[in-house]
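got a predicted model here, sequence first, then my questions.
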Protein chains: 2
Amino acid sequence: MTVDKKEFLLIGPGGIGCMGAFTIDYNKKVNCSIVVRRDYEKVKENGYTIDSIDYGKIDNWKPSNVFANVEAAANSGLKFDYVAVATKNISDIVKVEELIEPIISENTVIILIQNGFGIDRPIIKKFPKNVCLSGVSHMGSHNDKGHIHHIQHDKLVISPFENPNLPTDVQVQAAKDFIDIYANDKVTCIYFESAKWYRYRKLVYNATLNTTCALTGVDTGRLDACGGLESIAVPAMKEVVAVASADGITLPEDVVNLICHGDDGDYFEPSMLVDVKKGNPIELEAILGSLLDTAEELKVPTPTLSLLYKLLQVVQFRLKEANGYVKLPEKRPISDKFYS
Amino acid sequence: MTVDKKEFLLIGPGGIGCMGAFTIDYNKKVNCSIVVRRDYEKVKENGYTIDSIDYGKIDNWKPSNVFANVEAAANSGLKFDYVAVATKNISDIVKVEELIEPIISENTVIILIQNGFGIDRPIIKKFPKNVCLSGVSHMGSHNDKGHIHHIQHDKLVISPFENPNLPTDVQVQAAKDFIDIYANDKVTCIYFESAKWYRYRKLVYNATLNTTCALTGVDTGRLDACGGLESIAVPAMKEVVAVASADGITLPEDVVNLICHGDDGDYFEPSMLVDVKKGNPIELEAILGSLLDTAEELKVPTPTLSLLYKLLQVVQFRLKEANGYVKLPEKRPISDKFYS
């Protein structure tokens, strides 16, 4: 008797998503498909060229199936056991729960390999009976029009997102099963119990340094050199720690210092700064908006984070207009609002 | 008996400074000289080409003297009765009081046609016996490599800066004498009693809308359209009003509303945003730093303005580095500071 292989689908083959799909395809424990929106024709024809710190040089890599969009994947007749999402999480442009709806069936395990906080909420709301896993990637990799430059080792941390509608052991087992199809002797894929803890820990960097650099246009080294690390990011970090604490998560006592020294020796440009410089919309809600919703629910004051958020909302508006998501009248309308 | 004409010198022939010097030269009540740092050879040779909403088209305008720098003006043997400064006020790069030192004599009246607040303090400290006048320009004019595009009517508001070492009547008379050499039937130059009041009034715009637009990269119309006017600039405006009030200045009750509607109908780019877009250093201390010093002295809370200031300090660092005023080591140094 042969057991049919399970089906895995990746959405969002950027640098990180593409290497994740490659690893899963390389392991051959499941069938691997991907959805490629940009560069579809090119990838369908020639696959990816990969320069990987973990695997070396690979030409013309293609998984079992390459779909042009989610609808094509849904229409393929395949039933996906795993759907991993590695797109940017920009809910004010695309809602992940709507994007993946056509390919989620009863037993699909959803894996969000994305930045941010609270990104599981809309997923679990829409798919209350599905396991949703958190994947936090520490890999450095970028996709330059189908050429993957994978420059920092793949380390993926998997945790269940704690769906209250499902028994814990089912979710833990799903996480461990996923790690089983991903881990090998070239990459690291490990289990961590609390997605919430891990994501709060990551927010101490992302909600503070990442946002401040995006707003001011400097890397983390320059932010440090001019005093902004201490005057802006550190107070913001303490606010993240306070929200986490009110939410039942105790971060390490020296977490602020650890994060401040995390890029020691590097003039590092965090992801949101890279997006702003490229003129792309930013992951503002995932990285900051949801955190502030939680802060408000828990009545934790966040003066620094709140103003950073308001300022970045303006930046997001500018980026969305530049990308055609917002249209303004040619002549500025005159409002009769009274401001006081 | 003939009376020798008085000598007027302008430093900073940008769009506004150049038109001011033109007006004074046009009136012929004093001799007019200018210091031209950029484009010196070109201006010395051919003068300026002017397209003016107030004067029409003028070719090859040159005042009596064109000096390459302040030292050349000082070495000319002329004793200046009036020195007007219309440069950007960026005290972290050039201190006006040091710049003008070689050309200030006992009776020189100094006129600062510059943005900002507290810009008189270092002048009065260094030149305690000289009258210092405030000139707030409402003209729209820019200098494109020696070609002046003067697009909004000249309206200049002159007030004494209240030098405590001199009798008030002497300062008021100096202001009125200056207006006499500037005003004519083509331009408006008026007296306003309180420089402090007028500059606080202007800060309600400059410290808030100008700074927020500079930081987020949008004009005032877009800031309004995306809600940032209300969420960021209005709270900041209220802080300016509170500082003014603590400093003895009562602004109009509806000043916030007036300022919010000041650019109605226009997608207007304020000066600091223009500087950031051009990659030029910004007038941060004049527009925000001095105000916050006063707020601190008077113990007025300014949470919004203070964070805007800290963020713009980072932007200023970036702009200064880009312009060669700051040098960083090639490899980011590792600090042993403990952040907590």
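Cool, got the structure.

continuing past the strand or helix carrying residue A:8, what's the next helix or strand?
Residue A:8 is part of strand A:6-11, with elements assigned from DSSP states H and E. Next helix or strand after strand A:6-11 toward the C-terminus (DSSP H and E): helix A:15-27.

who are the packing partners of that next one?
On a contact count with 3 or more C-beta pairs under 8 Å, 6 or more residues apart in numbering or on different chains; DSSP states H and E, helix A:15-27 meets strand A:6-11, strand A:30-35, strand A:48-52, strand A:56-61, strand A:82-85, strand A:140-144, strand A:147-152, helix A:168-182. (Glycine included, C-beta is placed from N, CA and C.)

need the ones you listed in TSV with distance to residue A:206, can you?
Formatted as TSV, the helices and strands packed on helix A:15-27 follow (distance: least, C-beta to C-beta, whole Å):
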stretch	distance to residue A:206
strand A:6-11	22
strand A:30-35	26
strand A:48-52	25
strand A:56-61	30
strand A:82-85	18
strand A:140-144	15
strand A:147-152	17
helix A:168-182	22
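
now the ones you listed in CSV, with mean pLDDT?
Shown next, in CSV, are the helices and strands packed on helix A:15-27 (pLDDT from 0 to 100):
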stretch, mean pLDDT
strand A:6-11, 98
strand A:30-35, 98
strand A:48-52, 97
strand A:56-61, 97
strand A:82-85, 98
strand A:140-144, 93
strand A:147-152, 96
helix A:168-182, 98
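
now these in CSV, with mean neighbour count?
Shown next, in CSV, are the helices and strands packed on helix A:15-27 (neighbours: other C-beta atoms under 10 Å in any protein chain shown):
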stretch, mean neighbour count
strand A:6-11, 24
strand A:30-35, 24
strand A:48-52, 20
strand A:56-61, 12
strand A:82-85, 24
strand A:140-144, 17
strand A:147-152, 16
helix A:168-182, 17
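
nearest to residue B:297, of the ones you listed?
Of all the helices and strands packed on helix A:15-27, it is strand A:140-144 that lies closest to residue B:297, at 48.1 Å by C-beta to C-beta.

in terms of helices and strands, where is residue A:331?
Residue A:331 belongs to no helix or strand, assigned by DSSP H and E.

what sits against it?
Counting by C-beta atoms under 8 Å, 6 or more residues apart in numbering or on different chains, residue A:331 touches residue B:265.

would JSON lines of the helices and strands packed on helix A:15-27 with distance to chain B be doable?
What follows is the helices and strands packed on helix A:15-27, written out as JSON lines (distance: least, C-beta to the nearest C-beta, whole Å):
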{"stretch": "strand A:6-11", "distance to chain B": "29"}
{"stretch": "strand A:30-35", "distance to chain B": "32"}
{"stretch": "strand A:48-52", "distance to chain B": "25"}
{"stretch": "strand A:56-61", "distance to chain B": "28"}
{"stretch": "strand A:82-85", "distance to chain B": "28"}
{"stretch": "strand A:140-144", "distance to chain B": "17"}
{"stretch": "strand A:147-152", "distance to chain B": "17"}
{"stretch": "helix A:168-182", "distance to chain B": "33"}
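
contacts only, for the residue in the stretch 1-150 of chain A positioned nearest to chain B.
Closest to chain B within the stretch 1-150 of chain A is residue A:92: 11.7 Å, counting by C-beta to the nearest C-beta. For residue A:92, the contact set (C-beta under 8 Å, 6+ apart) comprises A:281, A:284, A:285, A:316, A:320.

same deal with residue A:170?
residue A:131.

and if you look at residue A:181?
A:6, A:8, A:24, A:27, A:29, A:30, A:82 are the contacts of residue A:181 under C-beta under 8 Å, 6+ apart.

can you do 6 Å?
A:24, A:29, A:30 (C-beta atoms under 6 Å, 6 or more residues apart in numbering or on different chains).

which residue is the nearest non-sequential neighbour of the first one?
What it means is residue A:24. residue A:32 (5.0 Å; C-beta to C-beta, 6 or more residues apart in numbering or on different chains).

verify the stated contact: the one you found with residue A:10.
No. Residue A:32 is beyond contact range of residue A:10, at 7.3 Å (criterion: C-beta atoms under 6 Å).

residues shared between the contacts of the two?
When contacts are counted by C-beta under 6 Å, 6+ apart, residue A:32 and residue A:10 are jointly contacted by residue A:21.

setting the sequence-adjacent residues aside, check what's closest to the residue most central in space within chain A.
Nearest residue to the geometric centre of chain A (C-alpha atoms, centre = their mean): residue A:114, 1.5 Å. Spatially, and ignoring its direct neighbours in sequence, residue A:114 is nearest to residue A:89 (4.3 Å; C-beta to C-beta, 6+ apart).

now swap in residue A:66 and tell me
Nearest to residue A:66 is residue A:44, by C-beta to C-beta, 6+ apart, at 5.0 Å.

so what's the residue count around that neighbour?
14 (other C-beta atoms under 10 Å in any protein chain shown).

alpha carbons only: can I get the strand or helix carrying it in CSV?
Residue A:44 belongs to helix A:40-46 when assigned by DSSP H and E. Extracted as CSV, the C-alpha positions of helix A:40-46 are listed here (Å, rounded to 0.1, in the frame of the first residue of the first chain):
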residue,chain,number,x,y,z
TYR,A,40,4.9,34.1,-13.2
GLU,A,41,5.8,33.5,-16.9
LYS,A,42,9.5,33.6,-16.2
VAL,A,43,9.2,31.2,-13.2
LYS,A,44,6.8,28.8,-15.0
GLU,A,45,9.3,28.6,-17.9
ASN,A,46,12.7,28.6,-16.2
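
list the contacts for the residue nearest to residue A:114?
A:114, A:116, A:119, A:283, A:286.

please repeat the previous calculation with a cut-off of 10 Å.
With C-beta atoms under 10 Å, 6 or more residues apart in numbering or on different chains as the criterion, the residues that contact residue A:89 are A:12, A:95-96, A:112-117, A:119, A:283-287, A:290.

likewise for residue A:87?
A:10-14, A:17, A:35, A:37, A:94, A:96, A:99-100, A:112-114, A:283.

make it 8 Å
Contacts of residue A:87 (C-beta under 8 Å, 6+ apart): A:11, A:12, A:14, A:17, A:94, A:96, A:99, A:114.

ok and the longest helix along chain A relative to helix B:303-322, angle-wise?
If you go by DSSP state H, chain A has its longest helix at helix A:303-322. Calculated by axes from the mean of the first three to the mean of the last three C-alpha atoms, to 10 degrees, helix A:303-322 forms an angle of 60 degrees with helix B:303-322.

now do helix A:303-322, average pLDDT.
For helix A:303-322, mean pLDDT rounds to 98.

restricting to C-alpha, output that helix in CSV.
The C-alpha coordinates for helix A:303-322 follow below in CSV (Å, rounded to 0.1, in the frame of the first residue of the first chain):
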residue,chain,number,x,y,z
PRO,A,303,2.7,57.9,23.9
THR,A,304,5.8,57.2,21.8
LEU,A,305,4.4,54.3,19.8
SER,A,306,1.1,56.1,19.2
LEU,A,307,2.7,59.1,17.6
LEU,A,308,5.1,56.9,15.6
TYR,A,309,2.0,55.1,14.4
LYS,A,310,0.1,58.3,13.4
LEU,A,311,3.1,59.6,11.5
LEU,A,312,3.6,56.3,9.7
GLN,A,313,-0.1,56.3,8.8
VAL,A,314,0.7,59.4,6.8
VAL,A,315,3.7,57.7,5.2
GLN,A,316,1.5,54.7,4.4
PHE,A,317,-1.0,57.1,2.7
ARG,A,318,1.8,58.6,0.6
LEU,A,319,3.1,55.1,-0.4
LYS,A,320,-0.4,53.9,-1.2
GLU,A,321,-1.1,56.9,-3.4
ALA,A,322,2.2,56.4,-5.2
